[in-house]
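Enquirer: 3D model of this:
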Amino acid sequence: MATLLPRRRKAAGPPRPAYLRPEDTDRVMSIVLALMSEVAALRQRVDTHERLARDGILATPDAVDAYRPDDETSAAREAWREAYIKRLLRVVLEEIEPDPPSGSPDAEG
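Expert: As a prediction, this is how the structure comes out:
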């Protein structure tokens, strides 16, 4: 019978080539984070437009700016925002979080 080996958490082989200097990587990351912030704000405004339309309210700039979400809407937006950040920054977050010790329930394999 074959013995199963634990799965690797990281790809085997040589490290990826580096195309950017560290300070360039910081600049790109700053740009990405700024764009993420803009997309999140746009997503929230689109959500406001959809909710106003559902309620039969004309989505004028003043109506969108005056909209105050209820607790349920705020919770849904917060859940979306957390999932969005985790999805887009997955690689960065994985590098920050240490590998779980082998044999722990969180370890893959």
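Enquirer: could I get stretch 48-55 in PDB with only the CA atoms?
Expert: C-alpha atoms of stretch 48-55 as PDB (Å, rounded to 0.1, in the frame of the first residue of the first chain):
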ATOM      1  CA  THR A  48     -27.000  52.300  -2.800                       C
ATOM      2  CA  HIS A  49     -28.300  52.900  -6.300                       C
ATOM      3  CA  GLU A  50     -29.800  49.400  -6.400                       C
ATOM      4  CA  ARG A  51     -31.400  49.800  -3.000                       C
ATOM      5  CA  LEU A  52     -32.900  53.200  -3.900                       C
ATOM      6  CA  ALA A  53     -34.200  51.800  -7.100                       C
ATOM      7  CA  ARG A  54     -35.800  48.900  -5.300                       C
ATOM      8  CA  ASP A  55     -37.500  51.400  -3.000                       C
END
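Enquirer: and the helix or strand hosting residue 48, how far from the chain's centre?
Expert: In the assignment (DSSP states H and E), residue 48 maps to helix 22-54. Relative to its chain's centre, helix 22-54 lies at 11 Å (Cα atoms, centre = their mean, to the nearest Å).
Enquirer: mean confidence score for it?
Expert: The pLDDT scores in helix 22-54 average 93.
Enquirer: Which positions within it qualify as buried?
Expert: Buried residues in helix 22-54, defined by neighbour count with 16 or more other Cβ atoms under 10 Å: 40, 44, 47-48, 51-52. From N, CA and C alone the C-beta is placed, and that goes for glycine too.
Enquirer: Nearest to residue 32, out of these: which one, please.
Expert: residue 40 (12.5 Å; Cβ to Cβ).
Enquirer: Would you mind confirming that that closest one is in contact with residue 81?
Expert: Yes: using Cβ atoms under 8 Å, residue 40 is in contact with residue 81, at 6.1 Å.
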